[in-house]
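[1] Return a 3D structure for these sequence lines:
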Amino acid sequence: MTGTLAANWGKGTWLAVLATASLTAPEPAYAQDTCAYEIVVLGAGQDAGAPQIGNADDHGPRLLPSSLALIDRTEGKRYLFDASPAITEQLAVLDAVSPAGEGLGVDGVFLTHAHIGHYLGLAYFGREAAGASRIPVMAMPRMARFLRDNGPWSQLVELGNIRLRPMAHQRAHMLEGGLAVTPVQVPHRDEYSETVGFVITHPDIGSALYLPDIDYWPERFGENFLRSILPQVDRMFIDATFWDDNELPGRDMSEIPHPRVSDTMDLLDDLPPEERGKVHFIHYNHTNPIRDPASPESAEVEARGFHVARRGDRYCL
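    Reported below is the predicted structural model:
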């Protein structure tokens, strides 16, 4: 466990994060097109998507890297969670759901960490592409410093294409209309930045968790991280990089310590159906069999009461 997490995560932490949220908000009783606040899955794959580089003969379902959009129709705002290398196509999908106003229609980007699938899309805000103006980019301190001090990202800052907005562990970033986004630091490979998940809350509507990358589900004070947060949110999108330890022949998978989908389901299997139904698996590798909606593994996920996030999925917050 990272020192930061060990020092800061404990019993009651998530309760504090969600103190302003409605913890039992029902599913809104209106059509998706009229949701006041809507989450759109723009991609559900691991960073490199699928087919992956060097696998041109892979004819399985195409994957775009994981990213969510949050639409706030009360204020006419749109926010991205992670800026993937497929941002051009992903913004086109978002435009089809909720047309942009002036310019790109991106009112803020929340970055989980500095691995390729989660921030390379920022480059398209630069002078070679959109030539954007002062798009707010919310990032943790190391992440913000990495962007500020290293090209080509530093050029985005210098030219005013993006405006870095620092975030802090467990400190809510307030948006218009009562929305709040709170980063929570988690254990992961942190070569260039911290890694966080984001809790999205609205006090009158509901809450969601976006956590595409984590090394393992930690425990503190005898309480499991995942089991403790699940009752406190209405929906969660969590790391599903690999199905099990047999997925990459010839590789030592102990060196790639994402939680396995099969293990995560076992961990939560005794919970009531309404709790298991909150879980949406995201960020799956091109080798993960849940990539194929028709696979036995995808059927098993649904049969056990969980869900697989798919590009284009839409949910009212």
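[2] rest of the way, CA atoms for contacts and neighbours
    Will do.
[3] quick one: which helix or strand includes His118?
    Under the criterion of DSSP states H and E, His118 resides in helix 116-119.
[4] now that helix: how far from the chain's centre is it?
    Here helix 116-119 is found 11 Å from its chain centre; the criterion is Cα atoms, centre = their mean, to the nearest Å.
[5] So in that sheet, which strands flank the helix or strand following it, and in what orientation?
    Following the chain from helix 116-119 toward its C-terminal end, the next helix or strand by DSSP H and E is strand 135-139. Taking DSSP bridges as the criterion, strand 135-139 sits next to strand 109-110 (parallel), strand 162-166 (parallel) in its sheet.
[6] For Phe281, which of these is the nearest?
    When the strands paired with strand 135-139 are ranked by distance to Phe281, counting by Cα to Cα, first place goes to strand 109-110 at 19.6 Å.
[7] Please work out which residues outside the closest one touch it.
    79-83, 135-139 (Cα atoms under 8 Å, 6 or more residues apart in numbering).
[8] again, only using 10 Å
    Outside strand 109-110, the residues that touch it by Cα atoms under 10 Å, 6 or more residues apart in numbering are 68-69, 78-83, 118-119, 122, 135-140, 162, 164-165, 167, 181, 183, 197-198.
[9] What's the mean pLDDT across it?
    The average of the pLDDT scores along strand 109-110 is 98.
[10] Quick check: Thr264 vs Ala303, distance?
    When Cα to Cα, to the nearest Å is the yardstick, Thr264 and Ala303 sit 15 Å from each other.
[11] These two: which has the busier surroundings?
    More neighbours sit around Thr264 than around the other of Thr264 and Ala303, counting by other Cα atoms under 10 Å; the figures are 18 against 10.
[12] any idea which element the more buried one lies in?
    With secondary structure defined by DSSP H and E, Thr264 is part of helix 261-268.
[13] Let me see the contact set for Gly108.
    Listed by Cα under 10 Å, 6+ apart, the contact set of Gly108 reads 70, 77-81, 134-138, 162-165, 175.
[14] show me where the stretch 151-300 of the chain has strands.
    Under the criterion DSSP state E, counting those that start in this stretch, the stretch 151-300 of the chain carries strands at the ranges 162-166, 173-174, 180-185, 196-202, 206-211, 219-220, 223-224, 235-239, 279-282.
[15] Check which helices and strands the fourth one is in contact with.
    I take that to be strand 196-202. Under the contact criterion of 3 or more Cα pairs under 10 Å, 6 or more residues apart in numbering; DSSP states H and E, strand 196-202 touches helix 13-17, strand 180-185, strand 206-211, strand 235-239.
[16] Let me have the strands of the stretch 151-300 of the chain in JSON lines, adding mean neighbour count as columns.
    Below are the strands of the stretch 151-300 of the chain laid out as JSON lines (neighbours: other Cα atoms under 10 Å):
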{"stretch": "strand 162-166", "mean neighbour count": "20"}
{"stretch": "strand 173-174", "mean neighbour count": "14"}
{"stretch": "strand 180-185", "mean neighbour count": "24"}
{"stretch": "strand 196-202", "mean neighbour count": "25"}
{"stretch": "strand 206-211", "mean neighbour count": "24"}
{"stretch": "strand 219-220", "mean neighbour count": "15"}
{"stretch": "strand 223-224", "mean neighbour count": "14"}
{"stretch": "strand 235-239", "mean neighbour count": "24"}
{"stretch": "strand 279-282", "mean neighbour count": "24"}
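[17] between these, which one is nearest to Gly49?
    Comparison of those against Gly49 by Cα to Cα identifies strand 279-282 as nearest, at 11.9 Å.
[18] Show me what the closest one is packed against.
    Packed against strand 279-282, as judged by 3+ Cα pairs under 10 Å, 6+ apart, are the following elements: strand 206-211, strand 235-239, helix 261-268, strand 307-308.
[19] Which one, of these, ends up nearest to Cys316?
    When the helices and strands packed on strand 279-282 are ranked by proximity to Cys316 (Cα to Cα), strand 206-211 comes first, at 9.0 Å.
[20] Just want the angle from the closest one to strand 180-185.
    Orientation check (axes from the mean of the first three to the mean of the last three Cα atoms, to 10 degrees): strand 206-211 against strand 180-185 gives 30 degrees.
[21] Now do strand 206-211: distance to the chain's middle.
    Per Cα atoms, centre = their mean, the displacement of strand 206-211 from the mean C-alpha position of its chain is 9 Å.
[22] quick one: strands adjacent to it?
    When sheet partners are counted by DSSP bridges, strand 206-211 sits next to strand 196-202 (antiparallel), strand 235-239 (parallel).
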